[in-house]
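[1] got a structure for you, letters missing:
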């Protein structure tokens, strides 16, 4: 029997949850799916995702054991990676170069306000 059926939410540590919500919603275009008090962590349980996505990101308070500024390993898809890359450059997002190799979808990485690295590739 398989006891795990899906990957739902990946936690990303952030130093300022309000600033992170603004970045993920206003800059990346995600929606807030949940924003609830979480006094046990000294913050809120905030979940964001692209519209219609089955996977999401929890913007969790950074701590000594869970510092911000990490390579999240999160890969996101875009219908046009080149246009997305230019959009984020124009928006002043810390964005790496667009990689375009034969036979591989165009891709690039960017960082949120805390230096957490995210990846975008064309789907």
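    Thanks, I have the structure now. As the structure is a prediction and not an experimental result, all values here were calculated from the model.
[2] okay, CA-based contacts and neighbour counts for the rest of this
    OK.
[3] you'd agree residue 79 is up against residue 123?
    Yes - Residue 79 is within contact range of residue 123, at 5.4 Å (criterion: CA atoms under 8 Å).
[4] And stretch 99-119, what's buried?
    106-114, 116-119 (16 or more other CA atoms under 10 Å).
[5] And those residues, which is closest to residue 31?
    Distance ranking of the buried residues of stretch 99-119 against residue 31, using CA to CA, places residue 112 first at 15.9 Å.
[6] Now the closest one. Its backbone dihedrals?
    phi -80, psi -170 (degrees, to the nearest 10).
[7] Pull the contacting residues for it.
    20, 23, 93-94, 118 (CA atoms under 8 Å, 6 or more residues apart in numbering).
[8] Please report the distance of residue 69 from residue 118.
    Between residue 69 and residue 118 the computed distance is 11 Å (CA to CA, to the nearest Å).
[9] Double-check that residue 74 belongs to a strand.
    Yes - counting by DSSP: H, G, I helix; E, B strand; the rest coil, residue 74 falls inside a strand.
[10] Thought residue 119 was touching it, still the case?
    Yes - between residue 74 and residue 119 there is a contact at 6.1 Å, judged by CA under 8 Å.
[11] Okay, now the sheet partners of the helix or strand containing residue 59, with direction.
    In the assignment (DSSP states H and E), residue 59 maps to strand 56-61. Using DSSP bridges, the strands paired with strand 56-61 in its sheet are strand 9-14 (parallel), strand 43-49 (antiparallel).
[12] Columns mean pLDDT and distance to residue 2 on top of the ones you listed, output as TSV?
    Formatted as TSV, the strands paired with strand 56-61 follow (pLDDT from 0 to 100; distance: least, CA to CA, whole Å):
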stretch	mean pLDDT	distance to residue 2
strand 9-14	97	19
strand 43-49	96	26
